[in-house]
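Trainee: this is the structure alone, sequence omitted:
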């Protein structure tokens with residue numbers, strides 16, 4: 001399941017989508033309510049979390065023999081991704097792209113139930129480095145899981161001009177963690 005919070009991130013949603021497809025996953029990419037051609041309006045996370053759960057339910061029904069569900073979220077979508085992770089024990093791995101712990105409270109991730117990756121940029125104009133470092137410290141100190149923090153040097157919040165590095169980081173993590 002891939003999700004996003006803005007049309008500006010659409011390029012990277014497509015790239016992540018195709019990287020997962022190339023690695024044998026069934027993938028569903030969607031916009032939150034009120035984004036792009038989606039109906040509805042922003043619901044401060046509650047409706048968006050419900051939408052993400054419905055998408056996960058749908059893709060699992062389409063793939064009843066899978067033993068591996070991953071979720072990916074970008075920016076605000078990372079918050080929804082992590083909230084869904086806390087409610088759905090069948091999720092095997094997550095990738096949170098440019099989460100915003102300076103805006104959203106991630107304290108609910110204690111303990112985080114699954115290993116995953118946080119992909120972030122060194123020149124993120126929306127997230128100060130100390131906010132990402134605080135999130136990293138919180139998640140790295142948990143037992144029984146591993147959360148890899150991968151920084152793309154020279155990238156901004158939308159990884160402009162860093163498509164190769166962005167795709168490479170996702171591909172490397174999938175190959176390292178997938179049970180396929």
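Mentor: That came in fine, so what should we check first? Predicted, not measured: the structure shown is a model, and the values here were computed from it.
Trainee: what helix or strand is residue 119 on?
Mentor: Element membership for residue 119 (DSSP states H and E) is strand 116-121.
Trainee: does anything pack onto that strand? Which helices or strands?
Mentor: strand 91-97, helix 129-140, strand 147-152, helix 163-177 (3 or more CB pairs under 8 Å, 6 or more residues apart in numbering; DSSP states H and E). Quick note: C-beta positions are derived from backbone N, CA and C, even for glycine.
Trainee: show me what the third one is packed against.
Mentor: In this structure, strand 147-152 packs against strand 116-121, helix 129-140, helix 163-177, with contacts taken as 3+ CB pairs under 8 Å, 6+ apart.
Trainee: pull the residues that contact that strand.
Mentor: The contact list for strand 147-152 (CB atoms under 8 Å, 6 or more residues apart in numbering) reads 112, 115-122, 132, 136, 139-140, 159, 162, 165-166, 169, 173.
Trainee: with stretch 81-92 instead?
Mentor: By CB under 8 Å, 6+ apart, the list of residues contacting stretch 81-92 from outside reads 1, 3, 45, 49, 52-53, 56, 60, 67-73, 94-96, 99, 106, 108-109, 112-114, 116, 179.
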